[in-house]
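Peer 1: Predicted structure and sequence below. I'll ask about it afterward.
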Amino acid sequence: MSTPTAAPLRRTATTWGLALLGLSYLVNAMDRQVFYPLLPEISGTYGFSLSQGGLLATGFTLGVAAAGLPAGHLVDRLPRKRLLVASMGIYSIGTILTPLAAGFADLAVYRLLSGLGEGMQAAALYAAFGAAFQRRRSLAFGTLGVAFALGVLIGPLIGAGLDGAFGSWRAPFYFFGALGVLVAVLILTTVHRGLTDAGPATVSGGPQDLANLPTSPYNRNTLLLAVAAIGGGLAFYGFLGLYPTYLRTVLHFSAGQTALATSLIGAGAAMALPTGWLCDRMNPRTLLLITYAGVAVSAWVLFNGPATPLWHYVFAFVLAGFLAGSMFTNVNSTMSRSVRPAQAGRAAGLFVATYYGAAAVSGFVFAQLVSSLGWHGAALWQLTVLPAVVLAPLWFLDSSRIQAGTGRNDR
């Protein structure tokens, strides 16, 4: 991929471009979240069974995971701006086609298509931000995390509003598909390629000392972090997928109490911003060890404390802060810091493939554990023991081969 070598962009061009790229990730989140609250109506329309509906709801993550590694290689060889626009077009088409489906088979294809586009966009977007903000990479990734969390929060609300206003579950899909196309066109026509395809010194500072970084994108650090991403995907999506069921069926929370606890999970994801800021200023190995230990402890406290709404509100937020906030952002950014700038796409693709590959089977794994061990046993193994086990590969990260962030010098 050719890299622009022009002078740093003007502040207005940078601000507009970053805002629009953040908006594109917010649209990505809204697009994927709108399916869940509309699933009962969709299943009623087509006569889907519970298992068919569940497969359609989570099957898109297989597309996200499948896109990861190929998209990472493409991102390192083709202009990122073109890939961003193409990826948004792909998942927007899948979204627009969803309400036109004749049955389960073609609807599954459209969901998979949406996942492929979303995975490609994530790889390209994180590679672009990683290259543009070498020294503030974790903070930049945290900003994307906040945009995604906001999309998760408002997407279902907008979808439900459109469903009610038009009296049809199909309306939200047409709206979000059209919105994705619109944002893609705006990126194509108004975002400077110097932002999306930045190399060292284009946006965020001078050239970096890369002598200590490995020559291969698949090195000791990135492979250890891939193991951590698998553990994180299994933990977070297992929790996210079945925790509301636990609250309703075991603790007998009301629908409103369950909705509030679930929304606080989204709020916890906003911790990506402060934890990303921290990761730029301290040894990421240390922060990741704290993060996974925090996941293990807070999950145990959540499921073994009082069965009161307040307890679950507080510790659902805390657990999500460690998982969706710090883990997602800082495993991703540390993987990007462990490769040379020209390999940023492959690092992003490796993260997307491993994290979402694990996410695709996390609900099934958690459900099987519930069947065998009960809810508390399942939570113990998937949300406490598993993150604790991940501490072992994280311990062997080589900090001397991780690019330093702002205010940090580990070498």
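Peer 2: Alright, I've got the coordinates.
Peer 1: can you map out the strands along the chain?
Peer 2: Along the chain, no segments are classed as strands by DSSP state E.
Peer 1: residue nearest the centroid of it?
Peer 2: Centroid-nearest residue in the chain, with CA atoms, centre = their mean: residue 328, separated by 6.6 Å.
Peer 1: Now for the nearest residue to residue 151 once chain neighbours are set aside: which residues touch it?
Peer 2: The shortest distance from residue 151 to any residue that is not its chain neighbour, by CB to CB, 6 or more residues apart in numbering, is 2.7 Å, and that residue is residue 29. C-beta here means a position set from N, CA and C on the backbone, and glycine is covered the same way. Remark: with contacts taken as CB atoms under 8 Å, 6 or more residues apart in numbering, residue 29 is in contact with 147-152, 155.
Peer 1: Now the phi/psi pair for residue 136, please.
Peer 2: Main-chain torsions, residue 136, degrees, to the nearest 10: phi -120, psi 30.
Peer 1: I'd guessed it sits against residue 273; true?
Peer 2: No: judged on CB atoms under 8 Å, residue 136 makes no contact with residue 273 at a distance of 11.8 Å.
Peer 1: what's the distance between residue 381 and residue 238?
Peer 2: Residue 381 is 10 Å from residue 238, where distance means CB to CB, to the nearest Å.
Peer 1: from memory residue 143 sits against residue 273, does it?
Peer 2: Yes: Residue 143 is within contact range of residue 273, at 6.4 Å (criterion: CB under 8 Å).
Peer 1: Which residues does stretch 105-114 contact?
Peer 2: 31-32, 35, 46, 55-56, 59-60, 62-63, 90-91, 93-95, 97-98, 101.
Peer 1: tell me which residues in that stretch are buried?
Peer 2: Within stretch 105-114, the residues that qualify as buried are 107-108, 110-114, counting by 16 or more other CB atoms under 10 Å.
Peer 1: so where's the stretch 1-150 of the chain shaky on pLDDT?
Peer 2: 1-9, 50-51, 54, 58 (pLDDT under 70).
Peer 1: Repeat the analysis, applying 90 as the threshold.
Peer 2: Regions of the stretch 1-150 of the chain meeting the criterion pLDDT under 90 cover residues 1-22, 25, 28-44, 47-83, 104, 108, 111-112, 115, 118-120, 122-150.
Peer 1: Ok, the stretch 201-350 of the chain next?
Peer 2: Per-residue confidence for the stretch 201-350 of the chain (pLDDT under 90) gives these ranges: 201-217, 237-250, 252-273, 276-282, 324-325, 328, 332-333, 336-337, 339-349.
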